[in-house]
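>>> just need the structure, nothing else, for what follows:
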Amino acid sequence: MRTQFSVLGKCIGIRNKQAKALALNYHNTCWLIAGTIAVVIALEYATPSPYVFGYLYTGPILLTSSRLSRKATFQVTLAASVFTLLNLLVPSFKPYNLSTLANRLIAVLALIVTGWLSDRNRLYEEAIAQQQAQLRAQEQLARIREDFVSTLTHDLKTPLLGAIETLKSFQNGQFGKVTSAQQNVLEMMTRSHRSTLQLVETVLDIYRYDTEGLQLQRSPVNLAEIAQEVIATLTDLAASRRVYVYLNYGQSNFPYPLWVDGDALQLQRVFANLIINSINHSPRGGKVEVVLESTGTQQQVLVLDRGPGITPGELPNLFERFYQGLSDRQAKGSGLGLYLSRQIVEAHGGTIWAENRTSSGALFGFQLPAYTLS
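Numbers count the residues shown, from 1 in each chain. Reported below is the predicted structural model:
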């Protein structure tokens, strides 16, 4: 209890010291402004009326605007204007010509404009400071969210991997005989856990790439081999959706290599994301076509489906983070696959796009610079 009172007493003492310092600074500023005005008044009233020193009041006005309130700025501007005009009558009234009056009025106008501009500048600075504070708060909130998601997804990997290994043990009969019906259930559970693990790894990669950038392990890569491997791994998924996935080489009737300088693992993810996306948007009994073409300086990959296509409102947002679209699909995704694919393709110096087919369905494609083997 004593410790708490001691801490409370220290906090109160610190606040009192800060309040005293602010009050002292305020009083010093007021005396500085008053002293400056007094010097200008002395110059004004010690010289004949034709000599205008009222312009020097701009100093106290600017000083008041930068350190005191808007009300104080208005008061100092008004006082400076009055003192400038009053010099026509005080200390002694003498006839004056129109040029002297005009000079005084111009000086007053200059003081009013100075006060108004300084007040506007003060408002702009306050608005900018407020916006900067809001931006800092938003950035801090975004960092907190990203740290939370990154930590959460990282911690989810271990139990998911453990669950997958346990299901494998069940499938292999290590805990007793498994019937065909139980085997099907275990396979479905394993597939579901793998999909969840893939989502967790995708989220981790998204946040890591956004903060650190995508680091590629480049080497000569044959896109045809990657396409064949990915299609083979997605056979079960396509079969469960009753979708047929096949590969062709455009105008050529024979397979041929399409070499690029890239990261094989990352390009596998692009193929998988685009093909899975097309499978999920294809009707049962539909087909997904993967077309590989070489255009000389570019290697092109097209993934075509016969689904409902893309609405005009979806097209600008398809490759944005967490965007899932509005069309019906067999399985809902996370909205990260296409976003990650865009990151990978652009990191390779390529382009990625989506469009509707002329008949029905959608087309997703990307191009990468061709690599010439020496």
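
>>> I figured L68 hits T29, correct?
Yes. Judged on Cβ atoms under 8 Å, L68 makes contact with T29 at a distance of 6.5 Å. Backbone N, C-alpha and C define where each C-beta goes, glycine included.

>>> per-residue pLDDT, the nearest residue to T372 once chain neighbours are set aside?
Excluding the flanking residues, the one nearest T372 by Cβ to Cβ, 6 or more residues apart in numbering is W259, at 7.4 Å. pLDDT recorded at W259 is 94.

>>> mean confidence (pLDDT) on stretch 127-147, please.
82.

>>> just the CA atoms of that stretch, as CSV, please.
Provided in CSV are the C-alpha atoms of stretch 127-147 (Å, rounded to 0.1, in the frame of the first residue of the first chain):
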residue,chain,number,x,y,z
ALA,A,127,-5.3,19.5,-39.1
ILE,A,128,-2.1,17.9,-40.4
ALA,A,129,-1.0,17.0,-36.9
GLN,A,130,-4.4,15.4,-36.3
GLN,A,131,-4.2,13.4,-39.5
GLN,A,132,-0.6,12.3,-38.7
ALA,A,133,-1.8,11.2,-35.3
GLN,A,134,-4.6,9.2,-36.9
LEU,A,135,-2.2,7.6,-39.4
ARG,A,136,0.2,6.6,-36.6
ALA,A,137,-2.7,5.1,-34.7
GLN,A,138,-3.8,3.2,-37.8
GLU,A,139,-0.3,2.0,-38.5
GLN,A,140,0.1,0.9,-34.9
LEU,A,141,-3.2,-0.9,-35.0
ALA,A,142,-2.3,-2.6,-38.3
ARG,A,143,1.0,-3.8,-36.8
ILE,A,144,-0.8,-5.2,-33.8
ARG,A,145,-3.2,-7.0,-36.0
GLU,A,146,-0.4,-8.4,-38.2
ASP,A,147,1.6,-9.5,-35.2
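
>>> identify the bridge partners of the residue nearest to T372.
Beta-bridge pairing for W259 (DSSP bridges): N222.

>>> show me what contacts it?
220-223, 299, 370-373 (Cβ atoms under 8 Å, 6 or more residues apart in numbering).

>>> next one: the longest helix seen in the chain to chain centre, how far?
Counting residues, the longest helix in the chain under DSSP state H turns out to be helix 98-171. Offset of helix 98-171 from its chain centre (Cα atoms, centre = their mean, to the nearest Å): 12 Å.

>>> other SSEs contacting it?
helix 58-67, helix 70-86, helix 180-212 (3 or more Cβ pairs under 8 Å, 6 or more residues apart in numbering; DSSP states H and E).

>>> what's the angle between the last one and helix 98-171?
Which is helix 180-212. 150 degrees (axes from the mean of the first three to the mean of the last three Cα atoms, to 10 degrees).

>>> chain center to helix 180-212: distance?
Distance, centroid of helix 180-212 to centroid of chain: 27 Å (Cα atoms, centre = their mean).

>>> show the average pLDDT along it.
pLDDT averaged over helix 180-212 gives 77.

>>> buried residues, it. List them.
186, 189-190, 193, 197-207, 209 (16 or more other Cβ atoms under 10 Å).

>>> using the three-state scheme, assign Q299.
Classification of Q299 by DSSP: H, G, I helix; E, B strand; the rest coil places it in strand.

>>> roughly how far does the closest residue to it other than its chain neighbours sit from V291?
Leaving aside its sequence neighbours, Q299 sits nearest to L258 (Cβ to Cβ, 6+ apart; 4.3 Å). Using Cβ to Cβ, to the nearest Å, L258 is found at 11 Å from V291.

>>> which of these two has more residues huddled nearby?
L258 (23 against 18; other Cβ atoms under 10 Å).

>>> ok, the more buried one - contacts?
L258 touches 222-224, 292-294, 299, 370, counting by Cβ under 8 Å, 6+ apart.

>>> repeat the analysis, applying 6 Å as the threshold.
Residues counted as contacts of L258 (Cβ atoms under 6 Å, 6 or more residues apart in numbering) are 223-224, 292, 294, 299.

>>> how close does it get to A272?
17 Å.

>>> same thing with R136?
39 Å.

>>> same deal with Y124?
51 Å.

>>> then A137?
38 Å.

>>> more crowded one of the two?
More crowded of A137 and A272, by other Cβ under 10 Å: A272, with 20 against 10.

>>> quick one: secondary structure of the more buried one?
Look at A272: counting by three-state DSSP, its state is helix.

>>> which residues touch it?
Neighbours of A272 in contact, by Cβ under 6 Å, 6+ apart: V230.

>>> got the buried residues for the helix or strand where E346 lies?
In the assignment (DSSP states H and E), E346 maps to helix 337-347. Neighbour counts over helix 337-347 (16+ other Cβ under 10 Å) mark 337-345, 347 as buried.

>>> so what's the model's average confidence on it?
Helix 337-347 comes out at a mean pLDDT of 89.

>>> per the record, what domains does the protein have?
1-213, 220-369 (automatic domain parsing).

>>> least reliable of those going by mean pLDDT?
domain 1-213 (a mean of 78).

>>> tell me the gap between that one and the middle of its chain.
Worked out by Cα atoms, centre = their mean, domain 1-213 lies 20 Å from the chain centre.

>>> can you check stretch 243-252 too?
Worked out by Cα atoms, centre = their mean, stretch 243-252 lies 38 Å from the chain centre.
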